[in-house]
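Colleague: everything below, folded, please.
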Amino acid sequence: MHIYVITGMDYDSNIYVVTGKVPTIIDIGTGFHSNTVLRTIQTYTKLPAIRQILLTHEHFDHVGGVHDLMKATQDTAKIYAHVDVVQKLKEGKSTFAEMLGGTMPKIMVDTPVSGGEHLTVGDESFEILATPGHSIGGLCFYAEKSKVLFSGDTIFAHGGFGRYDFPGGNLQTLLHSIERVADLDVTHLYPGHGPTVEHQGKEHVLKALQSIRTLM
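Modeller: Numbering: from 1, shown residues only. Have a look, this model is predicted:
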């Protein structure tokens, strides 16, 4: 399994390309930079080979480019998202997208998840963790074998964590989610924005827990 990072441009989230037996994309940005993003993905894997698109949550900066990616994969990839945001994604409404001059796509989720499921990403088994607080549809993806965590906007490097003042956000709920993640053995941390962390992921997770506790 190889993990490639496409660092978020402007308002885009980070985009992760995981190659292996089940080539996977985790988040896909706003779509404003789809041409560049798709060209970059092609340097790591063939676009029609991508089998699944995992959405860490429903915000425009993470999902706006879904239709461009689906078209590039010849509509063969399956979209995973939290069950609580399936209807919202289907409706395609986002005030944030409108503020940026973009259009929120209407996204049909193939596989709604609620947390606790396991799926193969690349070559490894990942557990899907429900981690609301930044949004109602927050998900993290954790591989026990390699100690890899894709943390979305739940936890960032250097003790950062997602905002909780957006619609659907909640500070207490986010604290509970971070507490849960803090129990994991994390070596490699791949967040929704900002730098990734290699080899010292647990330290950054615990810093996030310490930081959010100061707000309680």
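
Colleague: make it CA atoms for all contacts and neighbour counts henceforth
Modeller: Noted.

Colleague: just the strands from this protein, written as ranges.
Modeller: Remark: strands of the chain, listed N- to C-terminal, are 2-6, 15-19, 24-26, 52-54, 78-82, 111-113, 118-121, 124-130, 139-143, 148-152, 188-191; assignment by DSSP state E.

Colleague: how about the longest one as CSV, C-alpha atoms only?
Modeller: Output of strand 124-130 as CSV, limited to C-alpha atoms (Å, rounded to 0.1, in the frame of the first residue of the first chain):
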residue,chain,number,x,y,z
GLU,A,124,-5.1,-3.2,4.1
SER,A,125,-8.2,-3.5,6.3
PHE,A,126,-9.4,-0.2,7.6
GLU,A,127,-12.0,0.4,10.3
ILE,A,128,-14.5,3.1,9.7
LEU,A,129,-14.9,5.4,12.8
ALA,A,130,-17.8,7.7,13.2
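
Colleague: angle of it against strand 148-152?
Modeller: In this structure, strand 124-130 runs at an angle of 30 degrees to strand 148-152, with axes from the mean of the first three to the mean of the last three CA atoms, to 10 degrees as the basis.

Colleague: what do you get for the second one?
Modeller: Interaxial angle of strand 15-19 relative to strand 148-152 (the same axes, to 10 degrees): 150 degrees.

Colleague: adjacent strands (with direction) for strand 15-19?
Modeller: Paired with strand 15-19 in the same sheet, following DSSP bridges, are strand 2-6 (antiparallel), strand 24-26 (antiparallel).

Colleague: just the fifth one next, same as before
Modeller: When pairs are called by DSSP bridges, strand 78-82 turns out to pair with strand 52-54 (parallel), strand 111-113 (parallel).
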